[in-house]
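**Q** got a sequence here, can you model it:
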Amino acid sequence: ATYNSHPPPNAVSFVQALQEQIVRKDPALNLSKLEYAVLACGNSNWVSSFAKIGKDIDKALEQCGAHRLFPVEIADKNDDFEGQCAAWRQHVFAKLGLTVPAGVAAGLRTDAP
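**A** Residues are numbered from 1 along each chain as shown. The predicted structure is shown next:
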């Protein structure tokens with residue numbers, strides 16, 4: 001998620017560590033065996049920072065050698081946010097050869113800070 005171009009509190013350390021890795025280019029941190037998928041969440045009313053953190057994380061992981069499972073997807077609070085999240089979950093589970101559990105398929109918790 002992005003709020004005024006900043007990550008949510010529970011992602012600050014992760015985002016900072018990725019940004020520092022890009023600057024340092026520390027060969028000890030090799031993410032070449034990591035496969036990842038990013039769902040960037042945001043509010044399209046905030047045009048300049050819309051889904052910025054998710055896009056930044058996607059780019060940083062790629063720069064650190066990780067392998068993208070599929071292009072970053074965006075869930076917009078001004079659109080079908082729940083549907084976009086559910087579609088992304090199904091996409092991730094399918095890519096991993098798994099079935100989305102019934103309780104998870106119902107929806108993501110959107111009341112989290």
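**Q** so which bits of the longest helix along the chain are buried?
**A** When the chain is scanned for its longest helix (criterion: DSSP state H), the result is helix 81-95. Along helix 81-95, these residues count as buried under the neighbour rule (16 or more other Cβ atoms under 10 Å): Phe81, Gln84, Cys85, Ala86, Trp88, Arg89, His91, Val92. All C-beta spots, glycine's among them, are computed from the backbone N, C-alpha and C.
**Q** and which of the residues you listed is nearest to Leu34?
**A** Top of the list for closeness to Leu34, among those and by Cβ to Cβ, is Val92 at 14.5 Å.
**Q** for Gly42, what are its contacts?
**A** Counting by Cβ atoms under 8 Å, 6 or more residues apart in numbering, Gly42 makes contact with Ala1, Thr2, Ser49, Phe50, Ala51, Lys52, Gly54, Ile74, Ala75, Asp76, Lys77.
**Q** out of these, which are buried?
**A** When these are checked for burial by 16+ other Cβ under 10 Å, the buried set is Ala1, Thr2, Phe50, Ala51, Lys52, Gly54, Ile74, Ala75, Asp76.
**Q** quick one on the thing from earlier: pull the most distant pair out of the contacts of Gly42.
**A** Farthest pair in the contacts of Gly42 (Cβ to Cβ) is Ser49 and Ala75. Separation: 15.0 Å.
**Q** re earlier: quick check, nearest of the contacts of Gly42 to Leu34?
**A** Among the contacts of Gly42, and counting by Cβ to Cβ, the member closest to Leu34 is Gly54, at 16.5 Å.
**Q** for that closest one, which non-adjacent residue is spatially closest?
**A** Across the structure, with Cβ to Cβ, 6 or more residues apart in numbering as the measure, the residue nearest Gly54 apart from its sequence neighbours is Ala40 (2.2 Å).
**Q** wait, Leu69 sits on Leu39?
**A** No: with contacts defined as Cβ atoms under 8 Å, Leu69 does not count as touching Leu39, sitting 11.4 Å away.
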